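Peer 1: Below are the sequence and a predicted model for it; my questions follow.
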Amino acid sequence: MYMNLSFCFRDCLARTFDRKKTLLVFAVLLLVATILGLIFVTTPAIYDYHITVCDRFVNRICFSDRSVLEIFLERTLGHTVLLLVIMLAGIHAVGCILPPVIFLFRAYTFGGSLYIFFSVYRFEGALIVIGLYLPVHLLIDAILCCAGALSYARCRRFCFSRHDWALLFTDFLVYFCLVLAVGLLEMLLLLALFHPLGNII
C-alpha cells in the first residue's frame, strides 16, 4: 500500500512538472495580478473590500476565540473546493477558463491585502503576513497551479472512461493531501504565534 501511495505521488508530480510552460504562465499570471492588486487597492470600492477581507482574517483566524481545529476544518474545506473546481475544469476545454479566473482573483486580492496589512495594521500586520498569511497563501497557490497544469494536460484527452476518472480521482487525492498538509502547517503556526494552547479544541 505504501509503495502504491508513493508511486501515485511520484507519478502525479512527474506529470505536473512535465507542464513547465503552463506552470510558468500561471506563475506570471499570479505575479501580474498581485502587482495590479497592490496598485489599484486605493480605489475606494476595492479598498473597502480589502479592508473587510483583512479584518475578517485578523478577527476570525488570527485573534479568534474559535478553536484552531474549527479554523483548520473551515480553511481546508475552502481550499479543497477550489482544488476540486480546478481539477474538474480539465474534463472539458471550456472549463479551462476557470483556473486563470481563480488565480487572478486570488492574486489580486492577495496583493491588495498585503497593502492593507502593512499600511493599516503596520507591525501587527507585518507579523501576520510573514508568520502566517504569506507562506500559507503561496503554498496553496503553488498547489492550485500544479493542479491547474494537470487539468490543462487532461482537457485534450479526457474521454469520460473509467481509467480517466480513476486518474482524475487519484490526482485529486494527491493534491488534497498536500492541501491537508498546508492546513496542518497553518494550524501549527496559529498555535505557535497567535492562539493560546487552550484554543486547540
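Peer 2: Noted; the coordinates are in hand.

Peer 1: Tell me which residues touch S6, please.
Peer 2: By Cβ atoms under 8 Å, 6 or more residues apart in numbering, no residues touch S6. C-betas here are computed from N, CA, C, even on glycine.

Peer 1: I'd like the distance between it and A181.
Peer 2: S6 is 15 Å from A181, where distance means Cβ to Cβ, to the nearest Å.

Peer 1: low-scoring stretches of the chain, by residue?
Peer 2: Within the chain, the stretches with pLDDT under 70 are 1-3, 5, 196-201.

Peer 1: Show me which positions of the lengthiest helix in the chain end up buried.
Peer 2: In the chain, assigned by DSSP state H, the helix with the most residues is helix 162-193. The neighbour-count check on helix 162-193 (16 or more other Cβ atoms under 10 Å) flags 167-168, 171-172, 174-176, 178-179, 182-183, 186-187, 189-190 as buried.

Peer 1: and that helix, what other elements does it pack with?
Peer 2: helix 2-17, helix 68-88, helix 134-154 (3 or more Cβ pairs under 8 Å, 6 or more residues apart in numbering; DSSP states H and E).

Peer 1: Packed most tightly, which of these would that be?
Peer 2: Looking across those with neighbours counted as mean count of other Cβ atoms under 10 Å, the highest average goes to helix 134-154: a mean of 21.

Peer 1: Put the alpha carbons of it into PDB.
Peer 2: Backbone C-alpha positions of helix 134-154 (Å, rounded to 0.1, in the frame of the first residue of the first chain) are rendered in PDB as follows:
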ATOM      1  CA  LEU A 134       2.200  34.800   3.100                       C
ATOM      2  CA  PRO A 135       3.600  31.300   3.500                       C
ATOM      3  CA  VAL A 136       0.200  29.600   3.600                       C
ATOM      4  CA  HIS A 137      -1.200  31.600   0.700                       C
ATOM      5  CA  LEU A 138       1.900  30.900  -1.500                       C
ATOM      6  CA  LEU A 139       1.800  27.200  -0.700                       C
ATOM      7  CA  ILE A 140      -1.800  26.900  -1.600                       C
ATOM      8  CA  ASP A 141      -1.300  28.900  -4.800                       C
ATOM      9  CA  ALA A 142       1.500  26.500  -5.700                       C
ATOM     10  CA  ILE A 143      -0.700  23.500  -5.200                       C
ATOM     11  CA  LEU A 144      -3.600  25.100  -7.200                       C
ATOM     12  CA  CYS A 145      -1.200  26.000 -10.000                       C
ATOM     13  CA  CYS A 146       0.100  22.400 -10.200                       C
ATOM     14  CA  ALA A 147      -3.500  21.100 -10.200                       C
ATOM     15  CA  GLY A 148      -4.300  23.600 -13.000                       C
ATOM     16  CA  ALA A 149      -1.400  22.400 -15.000                       C
ATOM     17  CA  LEU A 150      -2.700  18.800 -14.800                       C
ATOM     18  CA  SER A 151      -6.100  20.000 -15.800                       C
ATOM     19  CA  TYR A 152      -4.800  21.700 -18.900                       C
ATOM     20  CA  ALA A 153      -2.900  18.500 -19.800                       C
ATOM     21  CA  ARG A 154      -6.100  16.400 -19.200                       C
END
